[in-house]
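Asks: Model the following, please.
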Amino acid sequence: MQVITKKIELIDGRVITIETGKLAKQADGSALLRMGDTMLLATVVAKKEAAENVDFMPLSVEYQEKYAALGRFPGGFFKREARLSEYEILISRLVDRALRPLFPSDYHAEVQVQITLISGDKNTVPDALAALAASSALAVSDIPFNGPISEVRVAKINGVFVVNPPLQDIPTADLDLMIAATYDNIMMVEGEMKEVQEEDMIEALRVAHETIKIQCKAQLELTEMVGKTKKREYCHENNDLDFKEKMRLAVYDQLYAIAKQGIADKHLRAETFDAVKTAFVETLSEEEKEKKFQISRYFHDIHKDAVRDMILNERSRLDGRKLDEIRPIWCETNFLPSAHGSALFTRGETQSLTTVTLGTKLDEQIIDGVVFEGKNKFLLHYNFPSFSTGEVKANRGTSRREVGHGNLAMRALKFTLPSDIPYTLRIVSDILESNGSSSMATVCAGTLALMDAGVKIKKPVSGIAMGLITDSSTGKYAVLSDILGDEDHLGDMDFKVTGTKDGITACQMDIKVDGLSHKVLAEALNQAKQGRLHILGEMAKAITEPREDYKPHVPRIVQMSIPKEFIGAIIGPGGKIIQEMQRETGAVIVIEEVGEFGVIDIVAVDKSSIDAVIQRIKGITTVPEIDTVYDGVVKNIQAFGAFVEILPGKDGLLHISEIDWTRLEDVESVLKVGDKIQVKLIEIDKKTGKLKLSRKVLLPRPERNK
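Replies: Numbering: from 1, shown residues only. Coordinates of the predicted model:
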């Protein structure tokens, strides 16, 4: 067994160790990465041959955390790791997006990357190390890959940029970005911010890239040490360049002309392009028509070139817009009368119907991850049904794309929520129509729905997707605002930016070409800012600020604090008291112990129910005082007197001698169970705490007794 180890010393003194040759030796490549007590095992396996008629990269990336890594048991009935959590899916997506563009364009064999957290600690976040582990496994394999890459987290904490900060410091950061890059180029960016300026984001990219260069250099040295500089040979495409040139001469000019027409309707535009292909196929011989797979692949390539050339040459878009022009926008709030808040946001051929639901602490999401545990009171769910693009697809549950887009929109809106809101919030965006950046439509619709619900957000947030077309041979480039689906597919960049009028709150960027200069990035950010401000103006036509109050059917939440020693009395034996209060008032009561106090949420639609609960709780927590007069209820009658409830759960003895000034033969001649009477607390037994009451002291004293 030949074990090879490479150490990476970080600027702050921490050390990352990459080891290969000990674990998972039957994989094409495996690497064990360690920083502190956190250890990740990454493996990569590729099939030797590609499947027939495959013209894409069949890559799958799976990131999974083992509960044993932190000495914990999984939850659930089966007590074992099952399908990936949303957090694991998000990390898998980050790694996938960094790796995928760097496989050779003609390499089509199926590749599987698996990254497993096998040891961890509570303060080293493994997500920032997963891409480095995956790239290291590729670096020690013979799989063709134009890497290496690495990925780091950059946070701005107290005005200072920190690379891969401890977990405990991340919540205080003004900027939290995950950045992936090769030695030469930024490949992927995703993160959230607290209204930072564009210059801060560019500086974060620079800081990240300096660290990534160190990690990429170490991987190149590791490849040399292992002796895997020569990658496997492959032939996954059968090309007929003469036939491709024949097709180019026949269809390029037609495709260029169609692209220049500026057809706004997505389906009409696609049909017009497809008609060129159909007409070309009709001119072919029977032998040439058999090349169906090549015809489709070559037509796609020529179509892509024609559209890109048109945009660069004509400075115009597929739908006729200018480069920085935003599609028409219309919005509507309160679209769904029974929802707590709702909005319809339409931009061009993209439409989101979004709802807001306000819940209680009982609706909080319980997070039971390996590294992250706790509760979440802000959820955003994004749904992308197939009809939104006019397609027929089976519904197979929530897709990774839906998880990723929902997370981006959630991070965009999180900053603007009020810190003191007592509700658990759930936003659901249902995409009804899609042609470019439905996640940004979700951000806009989410803002509108929150304001419609009466949630006092700090500021409205909008989002925009930016694109890029480049030509390295001429140096021409075009930055596109509010990209179409086709422009995303045929372009070199998908850069989503969200923010308020005062700064950026979230971003997601994928680069599909080598090299993105700071000049082009700065231009894209500034153009995105202008687009965001325009969209905010259009949103303001529907609603300008949160509604004064919640809608009548929204449950109200009133919070009150009590000394924690009274929690048991409010709950009662076996929950008897609290259940009785909920049954009688119709309110929902949630009690939580916070330090020395019990914090109670009283939830009900009508104010009278809340007031009734407050009165009962005040009664339970009120300490009886001597010489105080109480309105009591007779609860029990004995021969020697009656027991009267003067406060909820607090009874006192009204002795027969204290009922009236005249001598009574029996109690029942004056009182019955359920009678409401006024009594005065005249004594509290110092040893037992028992209460002694009097009714007669509140009655006029007869003359003969004076």
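
Asks: Point to the residue nearest the middle of the protein.
Replies: Closest to where the C-alpha atoms of the chain average out (C-alpha atoms, centre = their mean) is residue 407, at 2.5 Å.

Asks: got the contact list for the residue nearest to residue 659 when sequence neighbours are not counted?
Replies: Of all residues not flanking residue 659 in the chain, residue 695 sits nearest, at 5.2 Å (C-beta to C-beta, 6 or more residues apart in numbering). For every residue, glycine as well, the C-beta is placed using N, CA and C. Listed by C-beta atoms under 8 Å, 6 or more residues apart in numbering, the contact partners of residue 695 are 654, 658-660, 677-680.

Asks: Which residues are in contact with residue 549?
Replies: Residue 549 is in contact with residue 454, counting by C-beta under 8 Å, 6+ apart.

Asks: Assign a three-state SS to it, would you?
Replies: State at residue 549, reduced to three classes by DSSP: H, G, I helix; E, B strand; the rest coil: coil.

Asks: Offset the numbering so it begins at 20, please.
Replies: Happy to do that; since the first residue is 20 now, the last one works out to residue 568.

Asks: so the residue nearest to the centre of the chain sits in a helix?
Replies: Yes - Residue 426 forms part of a helix when assessed by three-state DSSP.

Asks: how close does it get to residue 213?
Replies: Distance, residue 426 to residue 213, by C-beta to C-beta, to the nearest Å: 17 Å.

Asks: Equivalent analysis for residue 206, please.
Replies: 25 Å.

Asks: Repeat that for residue 335.
Replies: Taking C-beta to C-beta, one finds residue 335 at 37 Å from residue 213.

Asks: What residues are bridge-paired with the residue nearest to residue 694 when sequence neighbours are not counted?
Replies: In this structure, residue 694 finds its nearest non-sequential neighbour in residue 653, 4.6 Å apart by C-beta to C-beta, 6+ apart. Residue 653 has these beta-bridge partners by DSSP bridges: residue 663.

Asks: shouldn't residue 653 be in contact with residue 697?
Replies: No - applying C-beta atoms under 8 Å as the test, residue 653 and residue 697 come out as separate, 11.8 Å apart.

Asks: Of these two, which one has the most company?
Replies: Ranked by neighbour count (other C-beta atoms under 10 Å), residue 653 and residue 697 place residue 653 first, with 20 against 13.

Asks: show me the contacts for the more buried one.
Replies: 661-663, 690-696.

Asks: roughly how far apart are it and residue 673?
Replies: 8 Å.

Asks: Likewise for residue 46?
Replies: For residue 46, the distance to residue 673 - C-beta to C-beta - is 83 Å.

Asks: Can you pick out the residue with more neighbours from those two?
Replies: residue 673 (27 against 19).

Asks: Name the secondary structure element that contains the more buried one.
Replies: strand 669-674 (DSSP states H and E).

Asks: hey, C-alpha coordinates of that strand in CSV?
Replies: What follows is strand 669-674, C-alpha atoms only, in CSV (Å, rounded to 0.1, in the frame of the first residue of the first chain):
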residue,chain,number,x,y,z
LYS,A,669,-56.4,28.7,43.7
ASP,A,670,-59.1,27.7,46.3
GLY,A,671,-59.6,29.0,49.8
LEU,A,672,-61.8,27.8,52.6
LEU,A,673,-64.8,29.9,53.5
HIS,A,674,-65.7,28.5,56.9
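
Asks: Tell me which residues of it come out buried.
Replies: The neighbour-count check on strand 669-674 (16 or more other C-beta atoms under 10 Å) flags 669-674 as buried.

Asks: Would you list the phi and psi of the residue nearest to residue 678?
Replies: Main-chain dihedrals, residue 714, degrees, to the nearest 10: phi -100, psi -30.

Asks: Only the buried residues of the helix ranked longest in the chain, if you could.
Replies: Ranked by residue count and defined by DSSP state H, the top helix of the chain is helix 217-245. By neighbour count on 16+ other C-beta under 10 Å, the buried set for helix 217-245 is 217, 219-220, 222-224, 226-228, 230-231, 233-235, 237-238, 241-242, 245.

Asks: for it, the distance to its chain's centre please.
Replies: 27 Å (C-alpha atoms, centre = their mean, to the nearest Å).

Asks: and if you look at stretch 350-359?
Replies: With C-alpha atoms, centre = their mean, you get 23 Å for stretch 350-359.

Asks: ditto for stretch 650-670
Replies: Distance, centroid of stretch 650-670 to centroid of chain: 55 Å (C-alpha atoms, centre = their mean).

Asks: still on that earlier bit, need the per-residue pLDDT for the residue nearest to residue 678.
Replies: If you check residue 714, the pLDDT there is 93.

Asks: confidence score at residue 523?
Replies: 96.

Asks: tell me which element it falls in.
Replies: Assigned by DSSP H and E, residue 523 falls in strand 522-530.

Asks: For that strand, enumerate the helices and strands it packs against.
Replies: strand 205-215, helix 217-245, helix 419-433, strand 512-519 (3 or more C-beta pairs under 8 Å, 6 or more residues apart in numbering; DSSP states H and E).

Asks: related to what we said a few turns ago, touching, the residue nearest to the centre of the chain and residue 113? I think so.
Replies: No - with contact defined as C-beta under 8 Å, residue 426 does not reach residue 113; the gap is 10.6 Å.

Asks: And the contacts of stretch 512-519?
Replies: Outside stretch 512-519, the residues touching it (C-beta under 8 Å, 6+ apart) are 214, 427-428, 431, 435, 456, 458-459, 462, 477-487, 502, 507, 523-532, 535, 543-544, 547-548, 551, 555.

Asks: Off-centre distance for it?
Replies: Distance, centroid of stretch 512-519 to centroid of chain: 16 Å (C-alpha atoms, centre = their mean).

Asks: Only the C-alpha atoms, please, for that stretch, written as PDB.
Replies: Output in PDB follows, covering the C-alpha atoms of stretch 512-519 (Å, rounded to 0.1, in the frame of the first residue of the first chain):
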ATOM      1  CA  MET A 512     -22.900  33.100 -17.900                       C
ATOM      2  CA  ASP A 513     -26.000  32.900 -15.700                       C
ATOM      3  CA  PHE A 514     -25.700  35.600 -13.000                       C
ATOM      4  CA  LYS A 515     -28.600  36.100 -10.600                       C
ATOM      5  CA  VAL A 516     -28.500  39.200  -8.400                       C
ATOM      6  CA  THR A 517     -31.100  40.200  -5.800                       C
ATOM      7  CA  GLY A 518     -31.200  43.300  -3.600                       C
ATOM      8  CA  THR A 519     -33.000  46.300  -2.200                       C
END
